[in-house]
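Trainee: What follows is a predicted structure for the sequence shown.
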Amino acid sequence: MSEENISRLQIEGKEIILIGTAHVSKNSAEQVKEVIEREQPDSVCIELDEQRYKSITEGNKWKDTDIFQIIKNGKSSLLLMNLAISSFQKRMANQFGINPGQEMIQGIESAKETGANLVLADRNIQTTFSRIWRGIGLKGKAMLLTQVIASIFTKETITEEELEKMKNQDMIDSMLQEFTESFPRLKTPLIDERDQYLAQKIKEAPGEKIVAVLGAAHVPGIKEQIKKNHDLGLLTKLPPKSKIPRLIGWSIPILIIALIVYTFMTNAEAGVAQVISWVLWNGSLSALGTLLAFGHPLAVVTAFIAAPITSLEPFLAAGWFAGFVQAAFKRPNVRDFESLTEDVHSLKGFWNNKVTRVLLVVIFANIGSSIGTFVGGADVIRLFIEHL
């Protein structure tokens, strides 16, 4: 088999063999198997993190995971990205009979067969996306969410030209190519930092002979970065959150509360009217949104109770609470989530899918609460001015 995708390096007394694979090529898995069996390395490094490794090796367990627990444990972003990647891979499998990531599975199997240490060399995907998320601003966040969600629901076919291009791209980068073109600086956390992280993990792998199974797009960067030492702690550290959204988020509820308190001090009857207006507009419109989503009756009640409170706390949302209640009584699992690509193409499937129902409850409850905040806030201000 051709050696053109293989690079041999001598670093700090170690022989390091980089296999530049194509994530959507059938031949790459065969090459990985051949190289590992021939070289008998001490360690095999693969371009996966712990979470993606588990999703590959424990696929059936992942399907049976309770989404309610995923949301509760703060892993909803991982679920969303896994769904996007799964949808992306499913389309390629249906079109070309290719199972993306097969070369990584082969690396895992060959490491076990040869008795080599298996090293998960990539950075945690949530860390990568967190570093991206905090560097793109409000517009960028909206674009990223739109693109990820669109990649889940799209039915577009992949052209032969796009397939050939993917053979030389990182899987995550190929999914977000359009987005990175709009935000060129994101190449740093998406590619450059991962090159540094991968290079350091490969260099630190135990033994004197190391084989690393990598997407071809990372090989040039790793060959350069492996000559340097990199601080893994620094590469996994999350940048501090901006204080501006927090200040803006708190200014509105503080204004509303201040107006109500001042009105109470000067005219208790008007203050009571303000509170009633705030509660009714927020609660009723959020409950109405939940009702339009055909939410569970207790989810409707939850939205009504939560909305007037969460509207005064910028980092909480009525839809979260209504969604949790909906999920508690109509718990979906990831199997429901994976069927979304089929279900969303029929009205019946869209409304009957348990995951879609939870998402509708969350979205509609939040929309209702947001409208209620503006209407209720305007009425609070009106009553304040009338009773000055």
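Mentor: That came through, no problem.

Trainee: what residue ranges in the stretch 51-200 of the chain score low on pLDDT?
Mentor: For the stretch 51-200 of the chain, the stretches with pLDDT under 70 are 59-65, 67, 70-100, 135-186.

Trainee: In contact with residue 48, which residues?
Mentor: By CB atoms under 8 Å, 6 or more residues apart in numbering, the residues touching residue 48 are 56, 104, 120-122. The C-beta positions use only the backbone N, C-alpha and C, and glycine is treated the same way.

Trainee: Now restrict those residues to buried residues only.
Mentor: Taking 16 or more other CB atoms under 10 Å as the criterion, what is buried in the contacts of residue 48 is 104, 120-122.

Trainee: Out of those residues, which is nearest to residue 205?
Mentor: The closest of the buried ones among the contacts of residue 48 to residue 205 turns out to be residue 121 (CB to CB; 7.6 Å).

Trainee: Would you agree that closest one is in contact with residue 50?
Mentor: No. Look at residue 121 against residue 50 with CB atoms under 8 Å: they stay out of range, at 11.0 Å.

Trainee: avg pLDDT for the longest helix anywhere in the chain?
Mentor: Criterion DSSP state H: the longest helix present in the chain is helix 354-386. The average pLDDT for helix 354-386 rounds to 87.

Trainee: Which neighbouring elements make contact with that helix?
Mentor: On a contact count with 3 or more CB pairs under 8 Å, 6 or more residues apart in numbering; DSSP states H and E, helix 354-386 meets helix 244-266, helix 268-292, helix 297-310, helix 318-329, helix 334-338, helix 340-343.

Trainee: got those helices as a markdown table, with mean neighbour count, mean pLDDT and distance to residue 42 columns?
Mentor: Below are these laid out as a markdown table (neighbours: other CB atoms under 10 Å; pLDDT from 0 to 100; distance: least, CB to CB, whole Å):
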| stretch | mean neighbour count | mean pLDDT | distance to residue 42 |
| --- | --- | --- | --- |
| helix 244-266 | 14 | 82 | 48 |
| helix 268-292 | 21 | 92 | 57 |
| helix 297-310 | 23 | 94 | 54 |
| helix 318-329 | 24 | 89 | 46 |
| helix 334-338 | 20 | 71 | 36 |
| helix 340-343 | 16 | 64 | 42 |
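
Trainee: Residue 31 is nearest to which of the ones you listed?
Mentor: Of all the helices and strands packed on helix 354-386, helix 334-338 sits nearest to residue 31, with 30.3 Å by CB to CB.

Trainee: Identify, from the contacts of residue 48, the entry nearest to residue 333.
Mentor: Within the contacts of residue 48, proximity to residue 333 (CB to CB) peaks at residue 56, which comes in at 18.7 Å.

Trainee: I'd say residue 199 and residue 226 touch.
Mentor: Yes. Contact criterion CB under 8 Å: residue 199 and residue 226 qualify, at 4.0 Å.
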